[in-house]
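*Asks:* I would like the atomic coordinates for the input below:
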Amino acid sequence: DHYPVMVVGSRVTKREGIFIPQSLIQWKNKSLDDVTWEDNEVLRGQFPDFILEDKDISLGGGIDRGGGVDINNADE
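*Replies:* Numbers count the residues shown, from 1 in each chain. Model prediction:
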């Protein structure tokens, strides 16, 4: 069975000038080493019953980029 079981990340990529939302998918009977980036539109078409988690995705950001704030030193 080839079926997504969990979204473990999200990002927006740019392809031919168009921003494409993607989700990092863990697949049924596969390990976390086998996750893949998939276009959200394709996932919705192939797996209409699979719920993509609502995430706040900023353009240009994503799981593969840094930019977080160290909360221990935020007031310094």
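
*Asks:* Please count neighbours and contacts with C-alpha atoms only from this point.
*Replies:* Fine.

*Asks:* any idea of the mean pLDDT in stretch 10-22?
*Replies:* For stretch 10-22, the mean pLDDT works out to 97.

*Asks:* Flag every buried residue along the helix or strand hosting T13.
*Replies:* According to DSSP states H and E, T13 maps onto strand 4-15. For strand 4-15, the neighbour count (16 or more other Cα atoms under 10 Å) marks 4, 6-7, 9-13 as buried.

*Asks:* Among those residues, find me the one that's closest to K28.
*Replies:* Looking at the buried residues of strand 4-15 and their distance to K28, the nearest is P4, at 5.9 Å (Cα to Cα).

*Asks:* check contacts around that closest one.
*Replies:* P4 makes contacts with 25-28, 50, as judged by Cα atoms under 8 Å, 6 or more residues apart in numbering.

*Asks:* Quick check: pLDDT value at the nearest residue to it once chain neighbours are set aside.
*Replies:* Distances taken as Cα to Cα, 6 or more residues apart in numbering place W27 nearest to P4, at 4.4 Å, with adjacent residues excluded. Per-residue pLDDT puts W27 at 96.

*Asks:* The one 3 residues further on now?
*Replies:* Each residue has a pLDDT score; the one for K30 is 94.

*Asks:* D33 belongs to a helix?
*Replies:* Yes - applying DSSP: H, G, I helix; E, B strand; the rest coil, one finds D33 inside a helix.
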